[in-house]
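Trainee: Coordinates for the following, if possible.
(one chain, ligands or ions: 1)
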Amino acid sequence: MRLHIDRTACDGRGLCAELLPELLESDEWGFPMARGSSGVPEELTRAARRAVDRCPKLAFHLAPGS
Ligand code: SF4
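Mentor: Presented below is the predicted three-dimensional model:
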């Protein structure tokens, strides 16, 4: 799975980066950026799904791919 963030929908408050610090960090405006590749290791899939479920703007998704 890969992380996908819809930047037109995201409000940049950084909740996903707080919930998934292993894979995301916030840029200087608070918008999330992938740390390295946007691939999700198997062991972080569950945490990534939890972060997706809590995105208040439905802007954060997991997409197929590695
Ligand atoms: S949780 Fe959603 S709205 Fe908030 S920063 Fe992440 S992608 Fe954007």
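Trainee: Please list the residues of this protein that sit near the ligand.
Mentor: 5, 10-16, 32, 55-57, 59-60 (C-beta under 6 Å from any ligand atom). Quick note: C-beta positions are derived from backbone N, CA and C, even for glycine.
Trainee: Now a PyMOL select for only the buried ones of those.
Mentor: Buried subset of the residues of the chain next to the ligand, written as a PyMOL selection, criterion 16 or more other C-beta atoms under 10 Å:
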select buried, resi 5+10+14+15+16+32+55+59+60
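Trainee: who touches residue 11 in this structure?
Mentor: Residue 11 is in contact with 56, 57, 59, counting by C-beta atoms under 8 Å, 6 or more residues apart in numbering.
Trainee: Now do stretch 59-66, average pLDDT.
Mentor: If you average the pLDDT over stretch 59-66, you get 91.
Trainee: Go through that stretch and flag the buried ones.
Mentor: 59, 60, 62.
Trainee: As a check, name the ranges of all strands in the chain.
Mentor: Applying DSSP state E to the chain gives strands spanning 2-5, 24-26, 32-34, 60-63.
Trainee: of those strands, which approaches residue 46 most closely?
Mentor: Closest of the strands of the chain to residue 46 is strand 60-63, at 11.1 Å (criterion: C-beta to C-beta).
Trainee: give the contact list for the residue nearest to residue 24 when sequence neighbours are not counted.
Mentor: Distances taken as C-beta to C-beta, 6 or more residues apart in numbering put residue 17 closest to residue 24, at 4.2 Å, once the chain neighbours are dropped. Shown in contact with residue 17 (C-beta under 8 Å, 6+ apart): 24, 25, 26, 32.
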